[in-house]
Each structure stands twice: as structure tokens, then as C-alpha cells.
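Student: fold the following and give me the result.
(chains A and B)
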Amino acid sequence: MKIAGLFKMKRRKPLDFVLFALTWICIGLTVSVLALVVGYVLINGVMYIRPSLFAFQYTVENQSLFPALVGTLMIVAMALTLSVPIGVFSAIYLVEYAKRGSRFVRIVRVTTETLAGIPSIVYGLFGFIFFGVVLGWGLSLMSGAFTVSIMILPLIMRTTEESLKAVPDAFREGSFGLGAGKLRTVGRIVLPAAMPGILAGVILAIGRIIGETAAIIFTLGNVARMPNNLFDTGRTLSAHMYALANEGTHPGEAHATAAVLLIVVILINALSSRIARLIKAS
Amino acid sequence: MGKHSLIKDQLTKISKIALIIFGSVAVIAAGLLVLFMYRGEEEARILFFLFYAGQTMYMQVLRIVFMGSMLPVFAALVILSILHKEQAAKVLFIISACAAILAVGLICVFLFMQGLPAMVEMGIWEFLTGTDWRPTWDPPRFGIFPMIVGSLYVTAGAILFGVPIGIFAAVYMAEVCPKPIYKVLKPAINLLAGIPSVIYGYFGMVVLVPFVRENFGGSGFSILTASILLGMMILPTVITISENAMRAVPREMYEGAVALGASHERAVFWVILPAAKSGVMAAIVLGVGRAIGETMAVRMVAGNQPLLRMPYEFLQGTRTLTTNVVLDLGYAYGSHRAALIATGVVLFVFILLINTLFSLLKRKGGLR
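Tutor: Numbers count the residues shown, from 1 in each chain, chains lettered A, B, ... in the order given. Here you go, the predicted model:
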């Protein structure tokens, strides 16, 4: 019956045309959403970017984004230090050591998927309760970095896993054949071969941290100043952006900050996809 | 060879014994310390107890015992890992793999531990179906029904706008698009997924809100605005996963349809798309998850009134579960804070259900 239906419908060409026109329209809409957001933010923001925006200190008169930039860099550095080794090691375990489909692997898979699906506000709430209140770290770089590092863990694990799986088994067999042990094979042969993929994942993770707001404002806080130590509060670029947009008293600075944030995100995305393309080419 | 391995065996044995003895002493001392800290109602700086000056002599003694026994433990661990690199590395990898489990466990335990008692105290039914959110009243009233409904509205709106466009765009990406255009479109859609939600929120605030105000009336901070914005935000999710689902359909099905006389269009829409049904459903479910969990963008355009809205009031503002937390958590304390954590628990349960549904559909759709 289905086949008969196919034959019958072949004659009704207009419907085909409409459906295909719809796919064109919809992809056009998608691209125009991107063009609209990026274009609007950049065109309105770039003209407000002034040197004073990068002044060392944030004052009431000059809403400098420099302290937020420093805070962002510190959070990124700390979160990566925490998350990258753990994420890479666990991916190594899952791909190289564990038996495929064992119960432990299944549990790790399920929990990683769960972590990936948890919205950032829930991370913020958890970080606020656990790192802020229970461990007594308050609003600080430490709470912020730990919270965000949990957030990016599934991303790093997944990309590392995929790039480890992409390394041909012949590499491993060759290494074993030459008498190398498991650890040496993984450390000297497999990991270097998988490095570009891991790097692309880490860069994506950086983008995620920079874009994060909800989890940051309840763990790192949202105070526009340079953090003095690891237990001091601060803000990141997106938290800064959020504060400026809500205050609404400095539209120029808000526009400019949005543009800077977007430019950073675009650069990071471009870098990540460039690296990913290099892998495909090789 | 023989002598060497004899020394190695002896060293291993000694370090293992030292590890067990001093390790258990350290664990007991640490456990007692933590217990004392909680009993003494001091701030429990668990990870700080090394540097934390204990109030009583017991605690000081325990601290010295703990630090003293940690030294041999570390020494034993170092010796063992030098002697048995392979096993040590494997153990390290296994411990790392447990990190994700530990994180999910901690999140569940602490959210539920802090949220559930408050919920039970308020009455779970009253909390879930109460329509008044009045934290400043005496006694305060915490009913999150308006927020649950608000979350459902904006999510439904996001699906209305995002899913049809997303699926057609995915068809274009998977089946229509010429290769050179694809090379440009794919990074563009990845970028769409990478734009931070504050930027979307800001865009919504300065572009969509005035647009809705001028064309539909109201203040512009409304369910409709939030739905449009969320629809834009879930587009990349829906497109990417539906596209993967369509690519996972065996090529023979398409070829069979064409061989039977179907046109390319017909084969795509009547054979491939139905075959990719589960994957497309998974894409929609993940989009729903994104929309329910989105916080900052919604907070900036939705108006945030904690009032129960009817569907025809889509030009009025609403408050969602996520924005409820983000609006009040900064200054809330006592029962108010507990009610916010309970709101987070409700959101978390929603997300867990959605994730389970997603992974079921994903497996059915043959997606990785």
C-alpha cells in the first residue's frame, strides 16, 4: 500500500515543491536568526568599544570590563586544571581499559549524560549549597571553578572518548608488538594521536565557561573587582554583561561588552572547528 | 633478576601494610574531626580541617594524628606507584572515572537533602499546587504552581516556533544542501549553539521586546517574547540531532524508494523522515530540556511576575521555575531559601525525566 501511495503521489508535483521550498525557507530563517543576533550585537557594540572599557579598575563612572576579563581567565584556568585531567583520565579508562558494555561503564555513561543535561541554574544552586555553604567557601573563585568544572566534565569526557576511539587499533597493536606496556602505549602513542580532538573539546569547554552566567553568579558572585586570592569573589564577562543589561543605566557599555563577549565566543568557536577540520583532513 | 624482584616484593608488602594501617587511622581521625565540627555547630570547613585551629584539645590531638598518619600514607602511595606503574595508572584512571558518578551523587544528595525537608514541611501538595508566591508575607506562602505553568508555556511556545523550522532546516542540511554550502552552514549552526544565553537574553531585551510591544501590544516582556527567543535558542539542538538521525537511516531505504519511482523529495519526506522518527523525537525532547532549563535569557525577557496565567494571556509576563530561583536566591534566607532549593529540586526532577526519555529515544533511533 505504501508503495502504491508513493507512485500515486509522484504525480502531485506541487506538494513536493512546497515542501522543498519550506526547507529552503527554514534554513534561511535559521541563518537569519544567526545573522540578526551577531549582526545586531556587533554593529551596535563595536562603536562603543573604547580604551577606557579596558581600564584597570571598575568605577561608577567607568564600567570597565577588565576585572571581569581577569575573573573569566582565572575561572577558565582553574576549571580546566580541575576538569581536564579527570575528564581525560576517565575517558582513557572507558576506552582503553574497561570492558565494553560492563556495568561500571554503563553507570558512568548514564551519569555523564545526566550531568550534560542538567541546566546551569541547577549547577548554580548546587554550587551555592555545597561549595558555598556546606564547605564554607562562600562566593569565591574556588566555588565558581569547582562548580563550572563539574559542568564541563561531560563535554571533555565525550570529546576525549571520541578522539581516542578514532585512533586506529593498528597503532596500539604496533606499540604492543614492539614490547611497550599498556601505560606506555596509551601515554606515548594513543594520547598524542588523539591530542587534536581533545584540544578541540577543551576549547569548546572554554567557550562554555565563558558563556556561563547562571552557575557563576551564585558561586563566584557578581562583584566588579579583581579577586585578591582564591577565596575572593569577582565576576566573569557574561556575569558582567548580565549586570550591565539589568542595571540598564549604561546602554553603551552594555552594547560594547556584549560585542566583546560575542567576539571572544566566535573566535573560540572558529578555533575549535579549525582544529576539528585539521583532524578530519589528516 | 631474582634479587631485584625480592626487594620489590618486600617493599610492596611493607608499603601495603603501612597504607592499610595508617590509612585507616587517618580515615578514622578525619571522620571524628568532621563529626566534632558538625556537633560543635562550627562552620564545617571539611577540606580545611588541616589548617583549622580546633577549639578543643580533642580536636587538636585528632588533627595531629590525622596529619601524622597522612605522611606515611603518601609515602606508601608514592612507593607503590613507582614500583607498579601499570596498576597505579589504572587505579588513577578508575578513580577519575568515578568523578562523574561522585558529582551526580553529590548533586542529588545535597539538592534533595536541602530541598525535600522544606517541601515536606510546607506540604508537598500545597507547594506544588499553591498559586501564591509571597515570601514576604507573615507567614510566608510558597506555591510554585504559577512557575510550573509558566515553564510549560514558554517551553510549549519554544517548540511551536523552534521545532517545525528546526526539522525542515535539518532536512535541508541532511538531504538538500550542496556540499560547499554545507561547509558554511555547519559551523554557522555550531556558532548558534555556542552563543551565550546572556547574549540571547540581551538581544531579546533590546530587539524582541520592543518588537512585540509595538506589533502585539502589552509591555513586551511576555510569554510570547520568551517563546520566540527560546525557539531561536533550541534551533541548533533540534537541527543537529535531527540531521544526525536522518543521516543514520540506511541509504538502501532511500535508494529503494527512488527505484520504485519516488522522486527525491518524495523519498526524503515519505521514507527517510519517518524512518528517522525516533531520532527526531529525541531532538525535540532535548530541545524541551534546553527550553525548560534555560534561565538567563528567559529572565531578561519574560517579565517574571509570579502570577498564574491563562494561555490566552500570552502577552503578559510570567515566571518560570528557573527564573524563580535566579531572581530570589541572591538575597533569600531561611524558609525562602529552602523554598527556592525545593523549586530547584522540582526542576531537577523534570530534567531527569526528560533526560531518561531522551536516552531511550536516542537508543531507539540508533544515534550515538
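
Student: please make it C-alpha for all contacts and neighbour counts, starting now.
Tutor: OK.

Student: so who does whichever residue of the stretch 151-282 of chain A sits closest to chain B touch?
Tutor: Nearest to chain B, among the residues of the stretch 151-282 of chain A, is A:Gly211, at 4.4 Å (CA to the nearest CA). Residues in contact with A:Gly211 (CA atoms under 8 Å, 6 or more residues apart in numbering or on different chains) are A:238, A:265, B:194-198.

Student: what is the burial count for the residue of the stretch 201-350 of chain B found nearest chain A?
Tutor: Across the stretch 201-350 of chain B, the shortest distance to chain A (CA to the nearest CA) belongs to B:Gly293, at 4.8 Å. Neighbour count of B:Gly293, defined by other CA atoms under 10 Å in any protein chain shown: 26.

Student: cool, and A:Ile43?
Tutor: A:Ile43: 13 surrounding residues under other CA under 10 Å.

Student: tell me which element it is part of?
Tutor: Under the criterion of DSSP states H and E, A:Ile43 resides in helix A:13-46.

Student: gap between the residue lying closest to B:Leu32 once chain neighbours are set aside and B:Ala75?
Tutor: For B:Leu32, ignoring the flanking residues on the chain, the nearest one in space by CA to CA, 6 or more residues apart in numbering or on different chains is B:Leu62 at 7.8 Å. According to CA to CA, to the nearest Å, B:Leu62 stands 20 Å off from B:Ala75.

Student: picking that back up, any bit of the helix holding A:Ile43 sitting next to chain B?
Tutor: Yes. Under the criterion of CA under 8 Å from any CA of the partner chain, chain B is reached by helix A:13-46 at A:16, A:19-20, A:22-24, A:26-27, A:29-31, A:33-34, A:37, A:40-41.

Student: report all helices and strands that that helix contacts.
Tutor: Packing partners of helix A:13-46 (3 or more CA pairs under 8 Å, 6 or more residues apart in numbering or on different chains; DSSP states H and E): helix A:251-281, helix B:145-171, helix B:179-194, helix B:197-203, helix B:223-247, helix B:264-267.

Student: any idea which helix or strand comes after the shortest one?
Tutor: Past helix B:264-267, heading to the C-terminal end, the next element that is a helix or strand (DSSP H and E) is helix B:273-275.

Student: I'd like the mean pLDDT over that following helix, please.
Tutor: For helix B:273-275, mean pLDDT is 90.

Student: avg pLDDT for stretch B:120-134?
Tutor: 85.

Student: no wait, stretch B:327-343
Tutor: Here the average pLDDT along stretch B:327-343 is 86.

Student: related to what we said a few turns ago, TSV for the contacts of A:Gly211, including distance to B:Phe350 and pLDDT?
Tutor: Formatted as TSV, the contacts of A:Gly211 follow (distance: CA to CA, whole Å; pLDDT from 0 to 100):
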residue	distance to B:Phe350	pLDDT
A:Ser238	27	91
A:Val265	30	92
B:Gly194	24	90
B:Ile195	25	93
B:Pro196	23	93
B:Ser197	21	92
B:Val198	23	93
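
Student: so where's the chain shaky on pLDDT?
Tutor: Picked chain A for this. By pLDDT under 70, the low-scoring segments of chain A are A:1-12, A:282.

Student: I was thinking of chain B, sorry if that wasn't clear
Tutor: Within chain B, the ranges that satisfy pLDDT under 70 run B:1-4, B:37-56, B:366-368.

Student: do a quick rundown of the strands in it.
Tutor: B:133-134, B:141-142 (DSSP state E).

Student: and the stretch 101-250 of chain A, by the same measure?
Tutor: Read by DSSP state E, counting those that start in this stretch, the stretch 101-250 of chain A holds no strands at all.

Student: for chain B, what are the nearby residues on it?
Tutor: A:107-108, A:111-115, A:117-122, A:125-126, A:129-130, A:134-137, A:150, A:153-154, A:181-183, A:207-208, A:210-214, A:218, A:238, A:241-242, A:245-246.

Student: out of those, which are inside helices?
Tutor: Under the assignment DSSP state H, these contribute A:107-108, A:111-115, A:117, A:120-122, A:125-126, A:150, A:153-154, A:182-183, A:207-208, A:210-211, A:214, A:238, A:241-242, A:245-246 to helices.

Student: domain-wise, how is chain B divided?
Tutor: Using automatic domain parsing, the domain ranges for chain B come out as B:2-123, B:141-364.

Student: check those domains for me and report the most buried one.
Tutor: Ranked by mean neighbour count, those are led by domain B:141-364 with a mean of 21 (mean count of other CA atoms under 10 Å in any protein chain shown).

Student: gap between the two ends of it?
Tutor: 44 Å.

Student: wait, what's in contact with the most centrally placed residue in chain A?
Tutor: Chain A has A:Arg208 as the residue nearest its centroid, 2.5 Å off, counting by CA atoms, centre = their mean. Residues near A:Arg208 by CA under 8 Å, 6+ apart: A:152, B:194, B:196.

Student: quick one: which of those residues is nearest B:Ala283?
Tutor: Comparing the contacts of A:Arg208 against B:Ala283 with CA to CA picks out B:Gly194 as the nearest, at 17.3 Å.

Student: can I assume the closest one is in contact with A:Ile263?
Tutor: No. With contact defined as CA atoms under 8 Å, B:Gly194 does not reach A:Ile263; the gap is 11.6 Å.

Student: Serialize the domains of chain B to TSV and add fields for distance to A:Val167.
Tutor: Below are those laid out as TSV (distance: least, CA to CA, whole Å):
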stretch	distance to A:Val167
domain B:2-123	19
domain B:141-364	22
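
Student: closest to A:Ala166 out of the ones you listed?
Tutor: For A:Ala166, the closest of the domains of chain B is domain B:141-364, at 18.2 Å, according to CA to CA.

Student: still on that earlier bit, so how do I select the buried members of the residues of helix A:13-46 next to chain B in PyMOL?
Tutor: Remark: buried members of the residues of helix A:13-46 next to chain B, expressed as a PyMOL selection using 16 or more other CA atoms under 10 Å in any protein chain shown:
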select buried, chain A and resi 16+20+22+23+24+26+27+29+30+31+33+34+37+40+41
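
Student: distance-wise, check B:Ser167 relative to A:Ile75.
Tutor: Residue B:167: Ile, not Ser. 37 Å.

Student: try A:Gly177
Tutor: In this structure, A:Gly177 and A:Ile75 are 43 Å apart, going by CA to CA.

Student: what of A:Phe146?
Tutor: 9 Å.

Student: same question, B:Ala259
Tutor: B:Ala259 is 57 Å from A:Ile75, by CA to CA.

Student: count of neighbours near A:Pro67?
Tutor: 25.

Student: just checking, it is part of a helix?
Tutor: Yes. Judged by DSSP: H, G, I helix; E, B strand; the rest coil, A:Pro67 forms part of a helix.

Student: I'd guessed it sits against A:Ala239; true?
Tutor: No. If you go by CA under 8 Å, A:Pro67 and A:Ala239 don't touch, sitting 11.4 Å apart.

Student: so which of the strands of chain B gets nearest chain A?
Tutor: strand B:141-142 (18.0 Å).

Student: who touches the closest one?
Tutor: Against strand B:141-142 from outside (CA under 8 Å, 6+ apart): B:122, B:127, B:130, B:132-135, B:336, B:339.

Student: make a PyMOL selection of whichever of the residues of the stretch 101-250 of chain A next to chain B turn out to be buried.
Tutor: Command for PyMOL that selects the buried part of these, burial taken from 16+ other CA under 10 Å:
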select buried, chain A and resi 108+111+112+113+114+115+117+118+119+120+121+122+125+126+129+130+134+135+136+137+150+153+154+182+183+207+208+210+211+212+213+214+218+238+241+242+245
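
Student: which helix or strand contains whichever residue of the stretch 51-200 of chain A sits closest to chain B?
Tutor: Of all residues in the stretch 51-200 of chain A, A:Ser90 sits closest to chain B, at 4.0 Å by CA to the nearest CA. Following DSSP H and E, the helix or strand that holds A:Ser90 is helix A:66-92.
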